[in-house]
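Engineer: Give me a 3D structure for the following:
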Amino acid sequence: MTRLESSAFAQARATVAARMRESRRAQGLSQEELADRAGSHRTYIGMLERGEGNPSLSVLTSIAEALDIEVAELVTAGRKVG
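Structural biologist: Sure thing, here's the model as predicted:
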């Protein structure tokens, strides 16, 4: 992996992490509540929100559905959430 790819990848993970956390908090949900809605585990949601995981498209779709938002809102910086 080149330095540029690594930087872009890290930025994408940071964006997903921030957007998940922002949307979850805007809806007043705990990580556990989001995990239950998305069919995931609370610790996995926490890991993703810290930018430590690499969620599949399937996982991102489940999280977006649980938050009642589009997947694009999770992966695009600067888009309105909630």
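Engineer: so what does the lengthiest helix in the chain touch, helix or strand wise?
Structural biologist: The longest helix of the chain (DSSP state H) is helix 3-26. On a contact count with 3 or more CB pairs under 8 Å, 6 or more residues apart in numbering; DSSP states H and E, helix 3-26 meets helix 31-38, helix 42-49, helix 57-67, helix 71-75. All C-beta atoms are positioned from the backbone trio N, CA, C, and that covers glycine.
Engineer: between that helix and helix 57-67, how many degrees?
Structural biologist: Orientation check (axes from the mean of the first three to the mean of the last three CA atoms, to 10 degrees): helix 3-26 against helix 57-67 gives 20 degrees.
Engineer: buried residues in helix 3-26?
Structural biologist: Within helix 3-26, the residues scored as buried using 16 or more other CB atoms under 10 Å are Arg13, Thr15, Val16, Ala17, Arg19, Met20, Arg21, Glu22, Ser23, Arg24.
Engineer: Could you tell me which residues make contact with the last one?
Structural biologist: Read that as Arg24. Residues in contact with Arg24, defined by CB atoms under 8 Å, 6 or more residues apart in numbering, are Ser30, Gln31, Leu34, Glu49, Leu67.
Engineer: Need the buried ones from those residues selected in ChimeraX.
Structural biologist: Filtering those down to the buried ones (16+ other CB under 10 Å) takes a single ChimeraX command:
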select :31,34,49,67
